[in-house]
Structure formats: structure tokens, C-alpha cells
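Novice: using only what follows, build the 3D model:
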Amino acid sequence: TLTLVKKVGENIPTLVTLVDLMQTMKGLVEDLTPAVGKITKELTPTITMFRESLEKDEVLDLIRKTGENVNTFNKLLDFLNKFDKSGTLDFTLENIAAKEMDYIIKGMQKCIVRTMQQFAEKPPEPGLRNILAAMRDPEVQKGILFMTAIARNLTRCISEACMFETSK
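Specialist: A predicted model of the protein is given here:
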């Protein structure tokens, strides 16, 4: 018993420090309780709304699909990063934003849709006679002239792009 009383006596300073710490913690909790209560009261409707939103099947499906597409998104970011490092991303974005590119893209989309509809309604008959008959059509002639103009400019533009790239 004497040894036990002696050990308790040795630990009295630690016990006093622990009691002081507990009183400080009690004061801190008493000070924070109203603030925590206020925050909880203010956040409860938002948390409830968020919980209810997450419980909907559509949201769960969206979260699942987002998770399934993370790898694709990462690949896209890697591609854009490599494209940016090559030094051609800004050049490409500037040229894609040009009104001429907008006209070409919209025109090609319309053309492809219209052509596919025409082919579905009436598939073309193969043969030299049909090709020669189509060549007499002024619209076909304009299209061929447009394609030859592209072909005429293609090698020069590629050479200029290569020169631009090597001058960097």
C-alpha cells in the first residue's frame, strides 16, 4: 500500500496537468457548442437535399458512367498535353476557329447527311455511263473543281507547314 501511495504521489504533477488539460478542453467544447449547433442547423437542409439528390437512380447512373469514362478522359488529357507540347495546339485552334473552317465543317456535315439520305433512297448504279452522265452536271463539275483546287494547294501548304515547324 505504501508503494502504491508513493507511486500515486510521484504521478500527482502529471495528474494535475491532465486535469488542467481537461478543464481547458471543457471550456473549448463549451465555447464551440453554440457555433457547431448553428453550423449544423444551417447545413442540415443542404445536406438533406444533397443526400436526396444522390439517392436518385439518375444521379447514381451518372456517377457510375463518369467513373467508367475516367480512363478515356485521362487519355484525352494526355493527348492534349502531347499536342500542346508539340507546339501546334495554338496554331490548330486558331485555324479551326477561322470562319472558313466553320463553313467547311458545316458544309461537309450537311453534304454527308444529304448524300447518305440520297443513297438510302436510291442507291447509285455503278457504270461508266452513269459516271459520264454525272460529269455533265454543273454541280458535280464545281465539286471536282473545288477538289482539284485543294489538290493544287495541298503540297505547297504541307511544305509551308514543314518549313514553319523546322524554323522553330
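
Novice: any weak-confidence spans in this structure?
Specialist: 164-168 (pLDDT under 70).

Novice: quick one: the helices in it, in order.
Specialist: With DSSP state H as the criterion, the chain has helices at 2-10, 12-54, 57-68, 70-85, 89-96, 99-121, 128-135, 138-166.

Novice: next one: the fourth one to chain centre, how far?
Specialist: Relative to the mean C-alpha coordinate of its chain, helix 70-85 is positioned 10 Å out (Cα atoms, centre = their mean, to the nearest Å).

Novice: kindly export that helix (C-alpha atoms) in CSV.
Specialist: In CSV, the C-alpha atoms belonging to helix 70-85 read as follows (Å, rounded to 0.1, in the frame of the first residue of the first chain):
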residue,chain,number,x,y,z
VAL,A,70,-12.3,8.4,-66.3
ASN,A,71,-9.7,6.4,-68.3
THR,A,72,-11.0,7.9,-71.6
PHE,A,73,-10.8,11.4,-70.1
ASN,A,74,-7.3,10.8,-68.9
LYS,A,75,-6.3,9.6,-72.4
LEU,A,76,-7.8,12.8,-73.9
LEU,A,77,-5.9,15.0,-71.4
ASP,A,78,-2.7,13.1,-72.3
PHE,A,79,-3.3,13.6,-76.0
LEU,A,80,-4.0,17.3,-75.5
ASN,A,81,-0.8,17.6,-73.3
LYS,A,82,1.3,16.0,-76.1
PHE,A,83,-0.4,18.1,-78.7
ASP,A,84,0.4,21.2,-76.7
LYS,A,85,4.0,20.2,-76.2
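
Novice: just the angle between that helix and helix 57-68, please?
Specialist: 50 degrees (axes from the mean of the first three to the mean of the last three Cα atoms, to 10 degrees).
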